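[1] this is a predicted model, with the sequence first.
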Amino acid sequence: MASTEDKAANKENVSSWKDSIYNPRTGELMGRTASSWALILLFYLVFYCFLAGMFALTTWVMLLTLDDYVPRYRDRVPYPGLVIRPNLPYIAFNRSDPHKYSDYVKVMEDFLEKYNDGAQEQSEECTQGVYFEQDNTEEMTKKVCRFRRDSLNSCSGLVDTTFGFAEGKPCILLKMNRIIGLKPRGDPYINCTTKNKDAQVPIMYYPGEGRFDKMYFPYYGKKAQENYLQPVVAVKLMLLKEDYNKEWVVECRVEGSDLRNNDERDKYLGRVTFRVLASE
Ligand SMILES: *[C@@H]1O[C@H](CO)[C@@H](O)[C@H](O)[C@H]1NC(C)=O
Ligand SMILES: *[C@@H]1O[C@H](CO)[C@@H](O)[C@H](O)[C@H]1NC(C)=O
């Protein structure tokens with residue numbers, strides 16, 4: 001039961017609440033006069049400008065200390081992943097039907113285009129088997145080593161433009177991801193094995209023994225070595241007629257060096273697995 005007294009008190013409360021937003025008697029908005037509000041706004045404006053200025057300044061100073069050519073802060077050199085071209089986990093084709101493998105061939109042809117002799121005119125003829133170190137040169141731009149596309153032999157796409165697909169012995173290209181400063185110890189090479197229980201497929205490697213030559217390491221980064229090309233290894237699955245219509249699981253690893261190839265968490269670190277199914 002509400003008394004009239006209570007109602008009056010209520011009314012007063014409402015009007016004082018209204019006053020707290022805008023009080024017509026004093027001209028205060030939310031308890032402050034216009035000039036007080038203007039001062040506050042001015043203060044925050046100056047304050048935020050100052051913060052923005054500080055941010056811009058520190059960013060600018062930090063950028064000044066960065067070198068475009070050499071990544072400055074780098075903890076230990078990571079290990080590279082292994083990737084294939086065509087970059088697919090499953091490669092199925094019918095050797096009698098070019099439409100069934102033309103996409104694969106196109107990917108490989110596009111990939112190898114930059115390995116053409118004409119595209120590598122600026123490249124150096126390097127000494128095989130030794131790192132091509134250029135740390136003590138004054139030059140910011142480093143030289144790059146030539147990779148001869150024809151060293152991929154029957155998987156180069158130069159002689160057999162179907163990369164072996166037409167003869168039912170497909171080629172797959174492998175390369176390691178670029179890692180700045182990586183110098184693999186030992187002599188890294190690709191070793192692929194078919195994982196099927198009952199049978200094996202012989203595999204050919206190009207260049208010889210599937211080696212990644214040391215001369216392509218270390219890599220100095222995109223800016224210093226704009227035209228750098230990773231070494232490529234091609235593997236050719238020597239499938240016979242009796243191997244057709246059967247899914248072959250192929251696992252390739254980088255071996256012969258300190259590069260990791262058996263990381264439990266990262267199944268692409270130094271290794272890659274793909275499946276191949278041929279028919280005719
Ligand atoms: C390739 O790997 C297989 C299986 O791990 C091994 O038996 C074989 O000796 C390796 N081949 C080379 C040349 O390292
Ligand atoms: C492969 O292609 C040929 C020619 O187009 C066709 O006759 C044959 O049936 C195909 N084989 C399979 C397994 O699809």
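    Ah, there it is. Ligands and ions are numbered 1, 2, ... in the order given.

[2] now for residue 166: which residues touch it?
    By Cβ atoms under 8 Å, 6 or more residues apart in numbering, the residues touching residue 166 are 95, 98, 101, 160. (Each C-beta comes from the backbone N, C-alpha and C, glycine too.)

[3] please indicate which of these are buried?
    Among the contacts of residue 166, the ones that count as buried by 16 or more other Cβ atoms under 10 Å are 95, 101, 160.

[4] and the closest residue to ligand 1 within the stretch 51-200 of the chain, its phi and psi?
    Closest residue of the stretch 51-200 of the chain to ligand 1, Cβ to the nearest ligand atom: residue 191 (3.6 Å). Dihedral pair for residue 191: phi -130, psi 120, per degrees, to the nearest 10.

[5] and the pLDDT for the residue nearest to it when sequence neighbours are not counted?
    Nearest non-adjacent residue to residue 191, counting by Cβ to Cβ, 6 or more residues apart in numbering: residue 255, 4.7 Å away. On pLDDT, residue 255 comes in at 96.

[6] and for residue 237?
    On the pLDDT scale, residue 237 is placed at 97.

[7] how about the one 10 residues further on?
    Residue-level confidence at residue 247 comes out at 96, pLDDT.

[8] residues in contact with it?
    Counting by Cβ under 8 Å, 6+ apart, residue 247 makes contact with 275-277.

[9] for the lengthiest strand in the chain, buried residues please.
    For the chain, the strand with the greatest residue count under DSSP state E is strand 247-257. Applying a neighbour-count criterion of 16+ other Cβ under 10 Å, one finds 248, 250, 252-257 buried in strand 247-257.

[10] so how far is that strand from its chain's centroid?
    From the chain centre to the centre of strand 247-257 is a distance of 21 Å (Cα atoms, centre = their mean, to the nearest Å).

[11] quick one: that strand near ligand 2?
    No - using Cβ under 6 Å from any ligand atom, strand 247-257 never reaches ligand 2; the gap is at least 13.2 Å.

[12] I'd like the next helix or strand past that strand.
    strand 271-279 (DSSP states H and E).

[13] before we move on, back to that, and which of the buried residues of strand 247-257 is nearest ligand 2?
    Using Cβ to the nearest ligand atom, residue 248 is the member of the buried residues of strand 247-257 that lies nearest ligand 2, at 15.5 Å.

[14] my guess is the closest one contacts residue 275. True?
    Yes - counting by Cβ atoms under 8 Å, residue 248 touches residue 275, with 6.6 Å between them.

[15] ok, back up a step: so the longest strand of the chain versus strand 271-279, what angle?
    Interaxial angle of strand 247-257 relative to strand 271-279 (axes from the mean of the first three to the mean of the last three Cα atoms, to 10 degrees): 150 degrees.

[16] is strand 247-257 anywhere near ligand 1?
    Yes - residues of strand 247-257 contacting ligand 1 under Cβ under 6 Å from any ligand atom: residue 255.

[17] which ones are touching the residue lying closest to residue 95 once chain neighbours are set aside?
    Among residues not flanking residue 95 along the chain, residue 168 sits closest, at 4.1 Å (Cβ to Cβ, 6+ apart). If a contact means Cβ under 8 Å, 6+ apart, then residue 168 has 95, 239, 241, 244, 278, 280 as its contacts.

[18] I'd assumed residue 130 was in contact with residue 215.
    Yes - counting by Cβ under 8 Å, residue 130 is a contact partner of residue 215 at 6.3 Å.
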